[in-house]
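A.B. asks: Task: produce atomic coordinates for the following.
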Amino acid sequence: MTSFRFLSVKTATILALGMVSMISNPLQAQDGLKLVWSDEFDGNTLDLTSWEYQTGNGTAYNLPAGWGNNELQYYTNFASNVSVSGGTLKIVAREQNFGGLPFTSARIRTKGMRDFLYGRFEGRMIIPSTSGVWPAFWMLPTDSPYGGWASSGEIDIMESVNIATTIHGTIHHGAPWPNNQANGSTVNNGTDFSQDFHEYAVEWDPDEIRWYLDGQQYHSVTSAQWFSSLGEGNVQAPFNVPFHILLNVAVGGNFPGNPNGSANYPQTLEVDYVRVYERVQTPFGGTPHAIPGTIEAEDFDIGMNGQSYQDCDSTNFGGDYRETAVDIQAATVSGFNVGWICEGEWIEYTALVETTGEYQVDALVSSQTTGGSFHIEVEGIDLTGPIQVPVTNGWQNWQTTSGTLFLEEGEHVIRFVNDSNSNEEYNFNLLTFTQMGGCSLADVAEPYGSLNFFDVSAFLSLLNDNDSLADINGDGQFNFFDVSGFLTLFGQGCP
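C.D. replies: Numbers count the residues shown, from 1 in each chain. This is a model prediction of the structure:
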């Protein structure tokens, strides 16, 4: 449901998109999701701490009369148009002259009260069905930082026009009208969606938006497919700022056309609930991985694409171990491996580091012909630099490649980042972290296990180079306090 849509643009978009069949990917169990807000519509009035009415013909909101789409309804806050009872919200479009227009209806939004950045947004509802009717469950940016529609974006979770046998899911983006763009898809599977409740949802992540109908995914769009002309080179713009939720029933206008002689009003959009989930990243199995120790590649954190991992497709090509977009297959050693690794992918593991110090990380990898490279980072900081993956002459011919990194004691999220280009492919099996020699933080020079002049000399060199090993007190600074801390540890000797 756009705030500024015209017939030629919309018609061209729908013709280009066509009508598609349902994608047979079941909605995964809601691992990594936490309910953060919902309206179950259990009371007797609309919750005005979450929703506000938008009334009139659109001009009060700096839109052309007809809400920018030549619509025929006047939106009201009348109980005859919008009400809550019996556990549902009812938005009713009526053939009723008011405000100079032949229909009345209602439009509500959560702007300024319930604004969200990313998550899963779902609603269960029965939609109206007749000539000229246009129900919508959708989202708009709260502050429109990238300019006017559609350069600041729009997410249509569910739209239907006229007879309720087709569901539309769409994003609008690009440049301000008339240079706006759209990407979407439709479901037309023989169902009359006005006869029963159905659940409509999107999962919105930094680099992907996915649409679901009754738990079945039917469309997805990645950040490579959207843009904002005013996004200043930000590849995630305009879908990287808070949006709010809207529900409304329009009548007539550019998308459905005006009601014809077969039209039957009143028509009701009945909403059982609206729910919003946010992503919650948790360790796989519930417990952080121990370091020193081994982390299996397939035991990455529970979360969503763009949160606990970044995968270039929505299908587990290996099809093994767990339901996820990450590609997992059975391996000849150590259970399973992650494969089909694409350029720019990464995976995260929550780990508990037992002792601060320098660690060797050994990765078990394989590559048929190309090799590749990766690095390990924590909180966006590359701790290893590039670690090369050798050619092993087989996808299950495993070899070990190694690097070193400094880890602070405590819980951290460790990210495995693929640095290979699109022509390089390899499999990743596991990571083993081994603490390197050294009896204390002051033991920074070989031979490890004792403190002597070489440790003092090495520490001063590290301090001069602003090396993390010289940050004894862990404050990110390199100064007298680190020297003092080093001398204290040096004086304590090795246990």
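
A.B. asks: need the contact list for residue 212.
C.D. replies: Neighbouring residues of residue 212 by C-beta atoms under 8 Å, 6 or more residues apart in numbering: 27, 122, 199, 200, 201, 202, 203, 218. C-betas here are computed from N, CA, C, even on glycine.

A.B. asks: those strands in the stretch 201-350 of the chain, which residues are they?
C.D. replies: Under the criterion DSSP state E, counting those that start in this stretch, the stretch 201-350 of the chain contains strands at 208-213, 216-222, 243-251, 267-279, 289-291, 293-296, 309-310, 328-330, 336-338, 346-353.

A.B. asks: Turn these into CSV, columns for mean pLDDT.
C.D. replies: Shown next, in CSV, are the strands of the stretch 201-350 of the chain (pLDDT from 0 to 100):
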stretch, mean pLDDT
strand 208-213, 95
strand 216-222, 95
strand 243-251, 98
strand 267-279, 96
strand 289-291, 96
strand 293-296, 96
strand 309-310, 92
strand 328-330, 98
strand 336-338, 98
strand 346-353, 97
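
A.B. asks: Residue 58 is nearest to which of the ones you listed?
C.D. replies: strand 243-251 (10.4 Å; C-beta to C-beta).

A.B. asks: Next, the angle from the closest one to strand 267-279.
C.D. replies: 170 degrees (axes from the mean of the first three to the mean of the last three C-alpha atoms, to 10 degrees).

A.B. asks: Helices of this protein, start to end?
C.D. replies: Using DSSP state H, the helices of the chain run over residues 7-17, 453-464, 480-492.

A.B. asks: quick revisit: can you redo the strands of the stretch 201-350 of the chain as JSON lines with distance to residue 49?
C.D. replies: JSON lines is the format used below for those (distance: least, C-beta to C-beta, whole Å):
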{"stretch": "strand 208-213", "distance to residue 49": "28"}
{"stretch": "strand 216-222", "distance to residue 49": "32"}
{"stretch": "strand 243-251", "distance to residue 49": "14"}
{"stretch": "strand 267-279", "distance to residue 49": "14"}
{"stretch": "strand 289-291", "distance to residue 49": "42"}
{"stretch": "strand 293-296", "distance to residue 49": "45"}
{"stretch": "strand 309-310", "distance to residue 49": "36"}
{"stretch": "strand 328-330", "distance to residue 49": "44"}
{"stretch": "strand 336-338", "distance to residue 49": "45"}
{"stretch": "strand 346-353", "distance to residue 49": "35"}
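
A.B. asks: Out of those, which is closest to residue 230?
C.D. replies: strand 243-251 (16.6 Å).

A.B. asks: Adjacent strands (with direction) for that closest one?
C.D. replies: As defined by DSSP bridges, the strand partners of strand 243-251 come to strand 107-109 (antiparallel), strand 115-116 (antiparallel), strand 133-141 (antiparallel).

A.B. asks: how about that strand as PDB, C-alpha atoms only?
C.D. replies: Extracted in PDB, the C-alpha atoms of strand 243-251 (Å, rounded to 0.1, in the frame of the first residue of the first chain):
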ATOM      1  CA  PHE A 243       9.800   1.600  10.100                       C
ATOM      2  CA  HIS A 244       6.300   1.500  11.500                       C
ATOM      3  CA  ILE A 245       3.200  -0.600  10.800                       C
ATOM      4  CA  LEU A 246       0.000   0.300   9.000                       C
ATOM      5  CA  LEU A 247      -3.400  -1.400   8.500                       C
ATOM      6  CA  ASN A 248      -6.100   0.000   6.300                       C
ATOM      7  CA  VAL A 249      -8.800  -0.800   3.700                       C
ATOM      8  CA  ALA A 250      -8.800   1.500   0.700                       C
ATOM      9  CA  VAL A 251     -11.600   1.700  -1.900                       C
END
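
A.B. asks: Help me confirm that residue 411 comes into contact with residue 288.
C.D. replies: Yes: using C-beta atoms under 8 Å, residue 411 is in contact with residue 288, at 5.7 Å.

A.B. asks: Please identify every residue contacting each of these two.
C.D. replies: In contact with both residue 411 and residue 288: 350, 351, 352, using C-beta under 8 Å, 6+ apart.

A.B. asks: any idea how far the last one lies from residue 440?
C.D. replies: Pointing back at residue 352 there. Applying C-beta to C-beta, to the nearest Å, the value for residue 352 to residue 440 is 20 Å.

A.B. asks: higher neighbour count, residue 411 and residue 288?
C.D. replies: For residue 411 and residue 288, the more surrounded residue by other C-beta atoms under 10 Å is residue 288, and the numbers stand at 21 against 11.

A.B. asks: for that one, what are its contacts?
C.D. replies: 350, 351, 352, 411.

A.B. asks: Generate a ChimeraX selection restricted to the buried subset of the residues you listed.
C.D. replies: To isolate the buried members of the contacts of residue 288 in ChimeraX, using 16 or more other C-beta atoms under 10 Å:
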select :350,351
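
A.B. asks: which among the contacts of residue 288 gets closest to residue 494?
C.D. replies: residue 352 (24.6 Å).

A.B. asks: Quick check: bridge partners of that closest one?
C.D. replies: residue 290, residue 411.

A.B. asks: residues contacting it?
C.D. replies: 288, 289, 290, 291, 410, 411.

A.B. asks: and the second one, how many neighbours?
C.D. replies: So the one you mean is residue 289. With neighbours defined by other C-beta under 10 Å, the count for residue 289 comes to 22.

A.B. asks: so it touches residue 300, yeah?
C.D. replies: No: the pair residue 289 / residue 300 is not scored as a contact, 9.9 Å apart, by C-beta under 8 Å.

A.B. asks: any residues in contact with both of those two?
C.D. replies: Joint contacts of residue 289 and residue 300 (C-beta under 8 Å, 6+ apart) are residue 349.

A.B. asks: how near is residue 340 to residue 297?
C.D. replies: Distance of residue 340 to residue 297, computed by C-beta to C-beta: 12 Å.

A.B. asks: And the two? Which one has more around it.
C.D. replies: residue 297 (25 against 18).

A.B. asks: which ones are touching the residue nearest to the more buried one when sequence neighbours are not counted?
C.D. replies: Nearest non-adjacent residue to residue 297, counting by C-beta to C-beta, 6 or more residues apart in numbering: residue 338, 4.4 Å away. Counting by C-beta under 8 Å, 6+ apart, residue 338 makes contact with 297, 298, 326, 327, 328, 347, 427, 428, 429.

A.B. asks: so the fifth one sits right up against residue 336, yeah?
C.D. replies: Yes: assessed by C-beta under 8 Å, residue 328 is found in contact with residue 336 at 5.3 Å.
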